[in-house]
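Trainee: sharing a model prediction with you, sequence too.
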2 protein chains.
Amino acid sequence: MAEEPPSLGPLRAATTGEQVAHRLSTAIALGEFSLGDRLPSERELAALFEVSRESVRAALRRLAEAGLIEVRRGRGGGAFVRAEWAETSENSVREALLAQWEDFEALFDYRRLIESLIARTAAQRADDADRAAIRAALTAFDASANPAEARRHDTELHLVIARATHNARLVRLHQLLLSEVSLGVSEEPYTWEIYEEARPHHRGLAEAVLAGDAERAAGIAGEHFAITENALRRLVARIGRDRS
Amino acid sequence: MAEEPPSLGPLRAATTGEQVAHRLSTAIALGEFSLGDRLPSERELAALFEVSRESVRAALRRLAEAGLIEVRRGRGGGAFVRAEWAETSENSVREALLAQWEDFEALFDYRRLIESLIARTAAQRADDADRAAIRAALTAFDASANPAEARRHDTELHLVIARATHNARLVRLHQLLLSEVSLGVSEEPYTWEIYEEARPHHRGLAEAVLAGDAERAAGIAGEHFAITENALRRLVARIGRDRS
DNA sequence: GGGTAAAGGTCTAGATTCCAGACCTTTACG
DNA sequence: CGTAAAGGTCTGGAATCTAGACCTTTACCC
């Protein structure tokens, strides 16, 4: 995570550029900027964050080095969210995954638990407006024609379910986890097959929430969020195989 | 909360002193320093946090103004955690509680949900070492002779239960919530009666976790953490009555 | 009582970071 | 081919943080 350290012990001062970079990468991970989108101009970002342009530039440099964005000069230029992202750095992905595997195990476990709780609570608390929003999101997801759309509608569906808990903090935690997972493993594991695999889960989950069946919702959510984990597991297995 | 803001929008730079103050107040809320304890000297804190002494002093000034600590000069002096704390500022407590009541509703709701999840998960995952730790903590709590001891053992019992989930992030979330609740409402509502009221819950919760009964553990945890909320509700009711 | 040690209280000079703004360079559009 | 919209660069000043020396208060110990 990026949060409060254990208690005493050294205090690491985050530079302004790092903070801006964190905000931006989170926004990207949450889908507020999609692949190929142009971020606001440096001057606009500086105004938005109420920060100097140099700090914004430091953040963009950081994101560009990480391969998350690509900067183009001239009129109509700017910082664009990279479409490739994953393929560009096979090696760094390997290193990161194999080195931090235990962290990821814990992260996905945590996510599964929290998302189960969200599904359970949503099933207990959803009102008519929530149910309408869930139905709409499910329809949109079913109608999506390509992985990019599917991803957007998938995100949206889970967001409206989280909102149905009527607890802003849970919604925030949901988004925090989403961004952390997205940033941690990039988009590589999310292929079309994954969404095919997830489709019945989505329907089942949504129906359980709509029906107010908390136990079933929690159970399906647990399975559903194990998909990402399994995809990642397969990826790591493949990498391990390739290497030996 | 003290967490990641929504997305875009102004970036508030936290001064070093604020960060140190936050760490210290969290440590106090988590019980790492008890009432009347002396914090490390300014020079020691500066070394611990790897920060200048001036910054530590800024943090201490802040905490002193908030009434959380009291600074005494001379040999054997230092920063002491205030015992009174609550009584000193009836008025500010009123203002804070009445103004932020909705925030607190949401916070306690969140806490109840998360703690239920923790209890449920602990019941499913506790191993023999966890069970032994839980039994020991429960015995210690039952044997406590005064509210201060009861508070310490109460904290400890919930911590070992959280650890039984075998997920470090859940443990951290548990501690984060504990510190937030402690700081938000001070210690006033925690009287001896509260602990008396909580005693059967503790035993029931511990037994459910020990027996691996996830549903019962989750249910009891939900009731248990409603106690704090109810105590606060009574407090607010009393304040409202006094004022009218 | 007097000496001393351990704390907080104060000050200063220097380094670092951040900001505001001007100005340059590149590039596309009209 | 001129202009507008972007990124790239530089500079001076403000704010913060640091390191360290030195002062003041207070309790303990001889």
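Mentor: In hand now; what should we look at?

Trainee: which other helices and strands contact the host helix or strand of A:A231?
Mentor: A:A231 is part of helix A:214-243 when elements are defined by DSSP states H and E. Contacts defined by 3 or more Cβ pairs under 8 Å, 6 or more residues apart in numbering or on different chains; DSSP states H and E place helix A:214-243 against helix A:90-99, helix A:101-125, helix A:192-211. C-beta here means a position set from N, CA and C on the backbone, and glycine is covered the same way.

Trainee: do that again at 10 Å, thanks
Mentor: Applying 3 or more Cβ pairs under 10 Å, 6 or more residues apart in numbering or on different chains; DSSP states H and E, we find helix A:214-243 packed against helix A:90-99, helix A:101-125, helix A:147-163, helix A:168-185, helix A:192-211.

Trainee: give me the angle between the longest one and helix B:214-243.
Mentor: Comparing the axes of helix A:101-125 and helix B:214-243 via axes from the mean of the first three to the mean of the last three Cα atoms, to 10 degrees yields an angle of 70 degrees.

Trainee: next one: the third one
Mentor: Relative orientation of helix A:147-163 with respect to helix B:214-243: 60 degrees, computed using the same axes, to 10 degrees.

Trainee: please apply the same query to the fourth one.
Mentor: Relative orientation of helix A:168-185 with respect to helix B:214-243: 130 degrees, computed using the same axes, to 10 degrees.

Trainee: counting contacts, what elements does helix A:168-185 pack onto?
Mentor: Packing partners of helix A:168-185 (3+ Cβ pairs under 10 Å, 6+ apart): helix A:16-29, helix A:90-99, helix A:101-125, helix A:147-163, helix A:214-243, helix B:101-125, helix B:168-185.

Trainee: any idea of the mean pLDDT for it?
Mentor: Over the span of helix A:168-185, the pLDDT mean works out to 83.

Trainee: before we move on, what SS does A:E70 have?
Mentor: strand (DSSP: H, G, I helix; E, B strand; the rest coil).

Trainee: that one reaches A:L35, doesn't it?
Mentor: No - contact criterion Cβ atoms under 10 Å: A:E70 and A:L35 do not qualify, at 11.1 Å.

Trainee: let me see the mean pLDDT of the helix holding A:A231.
Mentor: Within the predicted structure, the mean pLDDT of helix A:214-243 is 78.

Trainee: can you point out the buried residues in that helix?
Mentor: Taking 16 or more other Cβ atoms under 10 Å in any protein chain shown as the neighbour-count basis, helix A:214-243 is seen to contain the buried residues A:214, A:216-221, A:224-229, A:231-233, A:235-236, A:239.

Trainee: and the angle from that helix to helix A:192-211?
Mentor: Relative orientation of helix A:214-243 with respect to helix A:192-211: 170 degrees, computed using the same axes, to 10 degrees.

Trainee: coming back round to it: B:Q19: which of the helices and strands packed on helix A:214-243 is closest?
Mentor: Distances from B:Q19 to each of those were compared using Cβ to Cβ; the minimum, 19.9 Å, belongs to helix A:168-185.

Trainee: show me the contacts for A:E54.
Mentor: With contact set as Cβ atoms under 10 Å, 6 or more residues apart in numbering or on different chains, A:E54 has these partners: A:T16, A:G17, A:E42, A:A46.

Trainee: right, and the helices and strands packed on helix A:168-185 - which one's nearest DNA strand D?
Mentor: Each of those was checked against DNA strand D via Cβ to the nearest atom of the strand, and the shortest separation belongs to helix A:16-29, namely 11.3 Å.

Trainee: relative to the whole chain's centre, how far out is the closest one?
Mentor: Shown here is helix A:16-29, whose average C-alpha point lies 14 Å from the average C-alpha point of the whole chain (Cα atoms, centre = their mean, to the nearest Å).

Trainee: what angle separates the helix or strand following that helix from helix A:16-29?
Mentor: Proceeding N to C from helix A:16-29, the next assigned helix or strand is helix A:42-49, under DSSP H and E. An angle of 90 degrees separates the directions of helix A:42-49 and helix A:16-29 when computed by the same axes, to 10 degrees.

Trainee: quick one: list the elements packing against helix A:42-49.
Mentor: Taking 3+ Cβ pairs under 10 Å, 6+ apart as the contact definition, the neighbouring helices and strands of helix A:42-49 are helix A:16-29, helix A:53-65, strand A:78-81.

Trainee: pull out the buried positions in the second one.
Mentor: Meaning helix A:53-65. A:S55, A:V56, A:R57, A:A58, A:A59, A:L60, A:R62, A:L63.

Trainee: what's the most distant pair in these?
Mentor: Within the buried residues of helix A:53-65 (distances taken as Cβ to Cβ), the two that end up farthest apart are A:S55 and A:L63, at 13.0 Å.

Trainee: need the residues touching each of the two.
Mentor: Shared contacts of A:S55 and A:L63, defined by Cβ under 10 Å, 6+ apart, are found at A:V20, A:A21.

Trainee: pull the number of nearby residues for A:E70.
Mentor: In terms of burial, A:E70 registers 16 neighbours under the definition other Cβ atoms under 10 Å in any protein chain shown.

Trainee: per-residue confidence for it?
Mentor: The per-residue pLDDT reported for A:E70 equals 91.

Trainee: for chain A, which residues are neighbours of DNA strand C?
Mentor: Residues of chain A found near DNA strand C (Cβ under 7 Å from any atom of the strand) are A:15-17, A:46, A:50-55, A:58, A:73-77.

Trainee: between those, which is nearest DNA strand C?
Mentor: With Cβ to the nearest atom of the strand as the yardstick, the closest approach to DNA strand C among the residues of chain A next to DNA strand C comes from A:G74, at 2.1 Å.

Trainee: how about that closest one, secondary structure?
Mentor: State at A:G74, reduced to three classes by three-state DSSP: coil.

Trainee: hmm, back to that, mean pLDDT lowest for which of the helices and strands packed on helix A:214-243?
Mentor: Of all these, helix A:90-99 has the smallest average pLDDT, which comes to a mean of 51.

Trainee: burial check on the closest residue in space to A:R169 that isn't next to it in sequence, number of neighbours?
Mentor: If you skip the residues right next to it in sequence, A:R169 has B:Y110 as its closest partner in space, 4.2 Å away by Cβ to Cβ, 6 or more residues apart in numbering or on different chains. For B:Y110, the tally of surrounding residues (other Cβ under 10 Å) stands at 21.

Trainee: one more: A:R72?
Mentor: Under the neighbour criterion other Cβ under 10 Å, A:R72 is assigned a count of 10.

Trainee: quick check: bridge partners of it?
Mentor: A:G78 (DSSP bridges).

Trainee: quick one: stretch A:65-85 to chain centroid distance?
Mentor: On Cα atoms, centre = their mean, the centre of stretch A:65-85 falls 20 Å from the chain's centre.

Trainee: does DNA strand D have contacts with it?
Mentor: Yes - contact check for stretch A:65-85 against DNA strand D, using Cβ under 7 Å from any atom of the strand: residues in range are A:V71, A:R72, A:R73, A:G74, A:R75, A:G76, A:G77, A:G78, A:A79.

Trainee: and which of the residues of chain A next to DNA strand C is nearest B:H158?
Mentor: Nearest to B:H158 among those is A:T15, at 36.6 Å by Cβ to Cβ.

Trainee: just the buried residues of stretch A:151-170, please?
Mentor: Buried residues in stretch A:151-170, defined by neighbour count with 16+ other Cβ under 10 Å: A:151, A:153-170.

Trainee: ignore what I typed, I meant stretch A:111-127.
Mentor: Within stretch A:111-127, the residues that qualify as buried by neighbour count (16+ other Cβ under 10 Å) are A:111-123, A:126.

Trainee: okay, the helices and strands packed on helix A:42-49 in TSV with mean pLDDT and distance to B:S144 next?
Mentor: Formatted as TSV, the entries for the helices and strands packed on helix A:42-49 read as follows, by pLDDT from 0 to 100; distance: least, Cβ to Cβ, whole Å:
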stretch	mean pLDDT	distance to B:S144
helix A:16-29	89	43
helix A:53-65	93	51
strand A:78-81	91	56
